[in-house]
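Enquirer: Structure, please.
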Amino acid sequence: MIDLDPTTLALEFGGGALIGGIIGFATKKIAKLLAIIVGVQLMAFRYLESQGIVIVDWNRLSAGLLKTQERAQGTDIHWLQSILSTLSIGAGFTGGFLVGFQRG
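Expert: Numbering: from 1, shown residues only. A predicted model of the protein is given here:
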């Protein structure tokens, strides 16, 4: 039989929500900054490439991403076991993250 303590579950849920909210808020701020930096960097590379100063092998850059995706698909973890082991903290974290991300 499963021994569930409602107080512990509530504390885990609340703690996860608080941490998720803080991380969600910070993630949105950092994502905006990174989007600007990456956009400016790509524009600079395209400009330098059009002037013949820099040569960028775009196919080689994207091939590394495709190989990483293929390796990640090879892992075999049962999804139900993974969900049940992190449900109380994960639900609170997800809710807090979404609220924090929306407010950020």
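
Enquirer: residue ranges of the strands in this structure, please?
Expert: Applying DSSP state E to the chain gives no strands.

Enquirer: remind me which residues of this structure are low pLDDT?
Expert: Applying pLDDT under 70 to the chain flags the ranges 1-4, 61-89.

Enquirer: max-length helix in it?
Expert: helix 6-50 (DSSP state H).

Enquirer: Which neighbouring elements make contact with that one?
Expert: Contacting helix 6-50 under the criterion 3 or more C-beta pairs under 8 Å, 6 or more residues apart in numbering; DSSP states H and E are the following elements: helix 87-103. C-beta: built from backbone N, CA, C; applies to glycine.

Enquirer: Can I get the helix it packs on as PDB, trimmed to CA atoms?
Expert: Extracted as PDB, the C-alpha positions of helix 87-103 are listed here (Å, rounded to 0.1, in the frame of the first residue of the first chain):
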ATOM      1  CA  LEU A  87       4.500  14.200 -10.100                       C
ATOM      2  CA  SER A  88       4.100  16.300  -6.900                       C
ATOM      3  CA  ILE A  89       7.100  18.500  -7.500                       C
ATOM      4  CA  GLY A  90       6.700  18.600 -11.200                       C
ATOM      5  CA  ALA A  91       3.100  19.800 -11.200                       C
ATOM      6  CA  GLY A  92       3.900  22.600  -8.800                       C
ATOM      7  CA  PHE A  93       7.100  23.600 -10.700                       C
ATOM      8  CA  THR A  94       5.200  23.600 -14.000                       C
ATOM      9  CA  GLY A  95       2.400  25.800 -12.800                       C
ATOM     10  CA  GLY A  96       4.800  28.200 -11.100                       C
ATOM     11  CA  PHE A  97       7.100  28.300 -14.200                       C
ATOM     12  CA  LEU A  98       4.200  29.200 -16.500                       C
ATOM     13  CA  VAL A  99       3.000  31.900 -14.200                       C
ATOM     14  CA  GLY A 100       6.500  33.300 -13.800                       C
ATOM     15  CA  PHE A 101       7.200  33.100 -17.500                       C
ATOM     16  CA  GLN A 102       3.900  34.900 -18.300                       C
ATOM     17  CA  ARG A 103       4.600  37.700 -15.800                       C
END
